[in-house]
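>>> Build me a structure from this.
(4 chains)
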2 protein chains.
Amino acid sequence: MMFEAIKNYFSSHSVILNEEQNRVLDSELQQRKVSKDEVLLRQGENCKYTFFVAKGLLRAFTINQNGKEHILQFAPENWFISDRSSLLFGDNSKQFIEAVEDSEIILFESETFEKLSELSPEFQKFNMFLLHNHIRHLQNRINQLLSATAEERYMDFIRMYPDILLRVPQWMVASYLGITPESLSRVRKDLAMKNFKTG
Amino acid sequence: MMFEAIKNYFSSHSVILNEEQNRVLDSELQQRKVSKDEVLLRQGENCKYTFFVAKGLLRAFTINQNGKEHILQFAPENWFISDRSSLLFGDNSKQFIEAVEDSEIILFESETFEKLSELSPEFQKFNMFLLHNHIRHLQNRINQLLSATAEERYMDFIRMYPDILLRVPQWMVASYLGITPESLSRVRKDLAMKNFKTG
DNA sequence: CGCGTGATTGAAACCCTTCAAGTTTAGTGG
DNA sequence: CCACTAAACTTGAAGGGTTTCAATCACGCG
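Take a look at the predicted model:
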């Protein structure tokens, strides 16, 4: 079976596709293997696809006018990643999407989502769920950036993404948290001291 | 005609509703007048409505464990505001929604959106547009919080929301930008100096 | 082995916050 | 319409957290 990963993902979320819908998937999806550090979307390009990560790990990041990277999102197995702004509105993307590990990804064109939505109210609902979930996620992030210190952000990260923590270099975590690698190193040192004293 | 504001808003976005759809609106929507400082949603409550601002200005904000407010969003005329996370997932809201000015608002239950989506593919598309737009907006904000200084954030705010700038006290702008009122005051002073020297 | 990348550490600088005081503005009641 | 008060804004000085820059250490890989 082709595109097994995405079909399993759908069915694990109670989105059962009939034969016709499966045919749409088989004819419209593309699969790609990408190796570590390969770039799938570049700043200034038009984002044409939503990427589903079947295996591996991607990241989305921006580079600001001072040449500094800021990671917007990590996408491990069973996550979608894309620049929705560029995808839907057709404007030039402000972000890069890049493989952190050798990965296998499935490419969705935005029309594929629309077609499936028309064919299946279940899928339509699930798509809405994904959008709302994304919004919730972004909202939490904004909240955190507005009010949490470097240490608090790092603790939150450990709690929410313990798996990712172990798979990416520390400077990427720092970049996600919006602090420098040096600061993260010091935060970790302080935490280690505290735990030594209390634990 | 009832709920004129929202109907005008829809038609200005090319969402033309037929009689049946108008009946749904008339029977399901509620209209309320709220006065300045009135609270529409409280932290810990369950958010039941999406609010459409027909007149006036609302704001959404959180209060963190140190008792500090952080404004997430302003909603002037023709904007929607709600806690989508609480609305869709049913969890307790982390935010407050409050009137900054005396306002007239229209209340949507989440089922109303669903009903209209089923009745009208146009509306369905428009709803998706709103969601994507919201995501774009949140994404930009995260980007800004990760990489911009206080001064840059303020300049962006002036550029993006010149109208809101004139309608809210300065400390609310500071709260939106994630800085203290004192800092914003100094930023403004510095900018005034620069403009005096160069312009 | 040696090179490059990532992590750590130190010292100085910087940006923003905090706290406190003073000034301006806006709203309310006499 | 003025007087009074509270809220908002400004300003200063001190302090804190984070960044910057530079040096050093650790590690994996050709």
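>>> and chain A, which residues reach DNA strand D?
A:T149, A:A150, A:E151, A:G178, A:I179, A:T180, A:E182, A:S183, A:R186, A:V187 (C-beta under 7 Å from any atom of the strand). (Glycine included, C-beta is placed from N, CA and C.)
>>> any idea which residue sits dead centre in chain A?
Closest to where the C-alpha atoms of chain A average out (C-alpha atoms, centre = their mean) is A:A75, at 3.1 Å.
>>> Report the rounded mean pLDDT for stretch A:128-145.
Throughout stretch A:128-145, pLDDT has a mean value of 96.
>>> Pull up the per-residue confidence for A:K197.
Confidence score, pLDDT, at A:K197: 66.
>>> quick check: longest helix of chain A.
If you go by DSSP state H, chain A has its longest helix at helix A:121-147.
>>> if I look at the closest residue to DNA strand C within chain A, how far off is DNA strand D?
Nearest residue of chain A to DNA strand C, counting by C-beta to the nearest atom of the strand: A:Q170, 2.9 Å away. Counting by C-beta to the nearest atom of the strand, to the nearest Å, the separation of A:Q170 from DNA strand D is 12 Å.
>>> Name all residues that make contact with that residue.
A:P181, A:L184, A:S185 (C-beta atoms under 8 Å, 6 or more residues apart in numbering or on different chains).
>>> what do you get if the cut-off is 7 Å, keeping everything else the same?
A:Q170 is in contact with A:P181, A:L184, counting by C-beta atoms under 7 Å, 6 or more residues apart in numbering or on different chains.
>>> circling back: and the angle for the longest helix of chain A with helix B:121-147?
Inter-element angle recorded for helix A:121-147 and helix B:121-147: 30 degrees (by axes from the mean of the first three to the mean of the last three C-alpha atoms, to 10 degrees).
>>> quick one: buried residues of helix A:121-147?
A:122-124, A:126-128, A:131-132, A:134-136, A:138-139, A:141-147 (16 or more other C-beta atoms under 10 Å in any protein chain shown).
>>> Same check on stretch A:87-102?
Buried residues in stretch A:87-102, counting neighbours by 16+ other C-beta under 10 Å, are found at A:L87, A:L88, A:S93, A:K94, A:Q95, A:F96, A:I97, A:E98, A:A99, A:V100, A:E101.
>>> Which two among those are spaced furthest apart?
For the buried residues of stretch A:87-102, the farthest-apart pair by C-beta to C-beta is A:L88 and A:E101; their separation is 28.1 Å.
>>> which element is A:F61 on?
Element membership for A:F61 (DSSP states H and E) is strand A:58-63.
>>> Oops, could you answer that again for A:F52 instead?
A:F52 belongs to strand A:49-55 when elements are defined using DSSP H and E.
>>> Show me the contact partners of that strand.
The contact list for strand A:49-55 (C-beta under 7 Å, 6+ apart) reads A:5-6, A:40, A:58, A:75-82, A:87, A:97, A:103-110.
>>> Show me what the longest helix of chain A is packed against.
Secondary-structure packing of helix A:121-147 (3 or more C-beta pairs under 7 Å, 6 or more residues apart in numbering or on different chains; DSSP states H and E): helix A:110-119, strand B:69-76, helix B:84-89, helix B:121-147.
>>> now whichever helix or strand comes after it, how far from the centre of its chain.
Remark: after helix A:121-147, the chain's next helix or strand is helix A:150-160, criterion DSSP H and E. Remark: helix A:150-160 is offset 18 Å from the chain centroid, using C-alpha atoms, centre = their mean, to the nearest Å.
>>> Buried ones in helix A:150-160, by neighbour count?
Of the residues in helix A:150-160, those buried (16+ other C-beta under 10 Å) are A:A150, A:E151, A:R153, A:Y154, A:F157.
>>> Are that helix and DNA strand C in contact anywhere?
No - Helix A:150-160 is not in contact with DNA strand C by C-beta under 7 Å from any atom of the strand; minimum separation 11.2 Å.
>>> could you say what helices and strands that helix packs with?
Checking 3+ C-beta pairs under 7 Å, 6+ apart, helix A:150-160 ends up next to helix A:170-177, helix A:181-198.
>>> Pick the most deeply packed of those helices.
Burial of those is given as mean neighbour count (mean count of other C-beta atoms under 10 Å in any protein chain shown); helix A:170-177 ranks first at a mean of 20.
>>> Could you tell me the angle between that helix and helix A:181-198?
100 degrees.
>>> sorry, back to before: now the buried residues of helix A:150-160 in CSV, please, with extra columns for pLDDT.
Listed next are these as CSV, based on pLDDT from 0 to 100:
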residue, pLDDT
A:A150, 98
A:E151, 98
A:R153, 98
A:Y154, 98
A:F157, 98
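>>> A:L107 bridge partners, please.
Note on A:L107: beta-bridge partners by DSSP bridges are A:Q30, A:F51.
>>> picking that back up, identify, from the buried residues of helix A:150-160, the entry nearest to DNA strand D.
Nearest to DNA strand D among these: A:A150, at 3.4 Å, using C-beta to the nearest atom of the strand.
>>> so which helix or strand takes in the nearest residue to that closest one once chain neighbours are set aside?
Distances taken as C-beta to C-beta, 6 or more residues apart in numbering or on different chains place A:I179 nearest to A:A150, at 4.8 Å, with adjacent residues excluded. Using DSSP H and E, A:I179 sits within no helix or strand.
>>> how many other residues sit next to A:I179?
Taking other C-beta atoms under 10 Å in any protein chain shown as the criterion, the count of residues near A:I179 is 20.
>>> What residues does the closest residue to A:R42 other than its chain neighbours make contact with?
Spatial nearest neighbour of A:R42, excluding adjacent residues (C-beta to C-beta, 6+ apart): A:F96 at 5.9 Å. Neighbour list for A:F96: A:V39, A:L41, A:R42, A:Q43, A:A60, A:F61 [criterion: C-beta under 7 Å, 6+ apart].
>>> What's the separation between A:F96 and A:N64?
With distances taken as C-beta to C-beta, to the nearest Å, A:F96 is found 12 Å from A:N64.
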